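S.K.: here is a sequence together with a model predicted from it:
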Amino acid sequence: MNKAFTSQSDDWTSAIATVQKRYDREYRNEAFDLPAEVESMPLFREWVSHTLSSKIASPFWELAHFQKNQRCLDIGCGVSFLIYPWRDWEVFFYGQEISFVAKEALNSRGSQLNSKLFKGVKHGAAHQLSYENGFFDRVIATGFSCYYPLEYLKLVLREAKRVLKPNGVLIFDAIAPDLEFAENWAILETYLGAEVFLTPLSEVTELMQSMGGKITAKKDGLLFSMYRVQW
């Protein structure tokens with residue numbers, strides 16, 4: 001476990017480390033020892049062939065409405081700068097990620113792709129952002145909320161609000177638990193090492209609104225519902 005996590009005296013160390021381990025293993029292309037009934041699932045075959053992630057990923061740019069030279073923080077960014085057209089958007093990219101492997105891959109290659117726009121990735125959890133108040137025009141927080149309960153998401157939303165400029169935009173997604181696809185995906189993720197919380201979307205939206213967030217747009221996907229939130 002990383003020293004940055006073990007030095008934190010909060011209740012989320014174990015949960016974060018579990019998700020970190022699951023994604024470090026995937027980014028290293030390590031083999032997962034799964035039961036035959038799981039490997040027989042069509043969803044598993046899509047995961048193995050690397051076609052699943054693109055199907056379920058939220059198209060955050062459709063709601064972000066990027067403008068040239070804006071500062072954007074991508075929380076849980078993975079290898080985002082390597083696979084999405086940030087150069088076309090002409091947005092300054094900052095990342096924060098819990099996977100060592102993804103962070104190192106992005107920091108070693110990001111500047112080679114575009115040294116002007118790529119501002120580096122920091123290792124850290126979503127509820128403890130390593131950036132100053134009011135620094136970003138856009139914050140992207142997609143693909144990871146499903147691994148944590150509502151009380152943790154509240155901390156994430158509070159941090160996103162803190163680092164956003166006035167009238168800045170947060171793009172946030174949450175799993176749509178009523179979908180059959182969601183249940184099967186949750187089973188697969190459990191065997192891959194990370195528990196999925198099938199929290200009702202109504203509770204997620206109520207949380208955002210209770211914190212003063214205004215949902216200005218929504219887009220439903222195959223697995224996640226994506227929200228544009230402003231304070």
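M.R.: Arrived safely, thanks for sending.

S.K.: which pLDDT value belongs to the residue of the chain most remote from its centre?
M.R.: For the chain, the largest distance from the centre (Cα atoms, centre = their mean) belongs to Ala36, which lies 29.2 Å off. In this model, Ala36 is scored at 92, pLDDT.

S.K.: how near is it to Gly213?
M.R.: Look at Ala36 and Gly213: by Cβ to Cβ, to the nearest Å, they are 44 Å apart. Where you see a C-beta, it was placed from the backbone N, CA and C, and this is true even at glycine.

S.K.: do Ser54 as well
M.R.: Taken as Cβ to Cβ, the span from Ser54 to Gly213 is 28 Å.

S.K.: before we move on, what about Gly134?
M.R.: Gly134 sits 16 Å away from Gly213, going by Cβ to Cβ.

S.K.: run the chain-centre distance for stretch 124-135.
M.R.: 14 Å (Cα atoms, centre = their mean, to the nearest Å).

S.K.: could you do stretch 200-211 as well?
M.R.: Stretch 200-211 sits 18 Å away from the centroid of its parent chain (Cα atoms, centre = their mean).

S.K.: just want to know which of Gly134 and Gly213 has more residues nearby.
M.R.: Gly213 (19 against 12; other Cβ atoms under 10 Å).

S.K.: that one against Gln230, yeah?
M.R.: Yes. Because the distance of 7.1 Å satisfies Cβ atoms under 8 Å, Gly213 is recorded as touching Gln230.

S.K.: now do the shared contacts for the two.
M.R.: With contacts defined as Cβ atoms under 8 Å, 6 or more residues apart in numbering, the residues shared by Gly213 and Gln230 are Leu170.

S.K.: and the closest residue in space to Gly221 that isn't next to it in sequence, how many neighbours?
M.R.: Using Cβ to Cβ, 6 or more residues apart in numbering and skipping residues adjacent in sequence, the residue nearest Gly221 is Ser58, 5.8 Å away. Counted with other Cβ under 10 Å, residues neighbouring Ser58 total 24.

S.K.: how about Ser58, what does it touch?
M.R.: 142-143, 171, 173, 219, 221, 224, 226.

S.K.: same thing but 6 Å
M.R.: Ser58 is in contact with 142, 173, 221, 224, 226, counting by Cβ atoms under 6 Å, 6 or more residues apart in numbering.

S.K.: would you check how far apart it and Asn107 are?
M.R.: From Ser58 to Asn107 the distance is 24 Å (Cβ to Cβ).

S.K.: just Cys146 next, same as before
M.R.: Computed as Cβ to Cβ, the Cys146 to Asn107 distance reads 26 Å.

S.K.: so which of the two has more stuff around it?
M.R.: Per other Cβ under 10 Å, whichever of Cys146 and Asn107 has more neighbours is Cys146, with 24 against 17.

S.K.: which non-adjacent residue is nearest Leu106?
M.R.: In space, Leu106 is closest to Val121, 4.7 Å off (Cβ to Cβ, 6+ apart).

S.K.: that neighbour reaches Phe100, doesn't it?
M.R.: No. The pair Val121 / Phe100 is not scored as a contact, 10.7 Å apart, by Cβ atoms under 6 Å.
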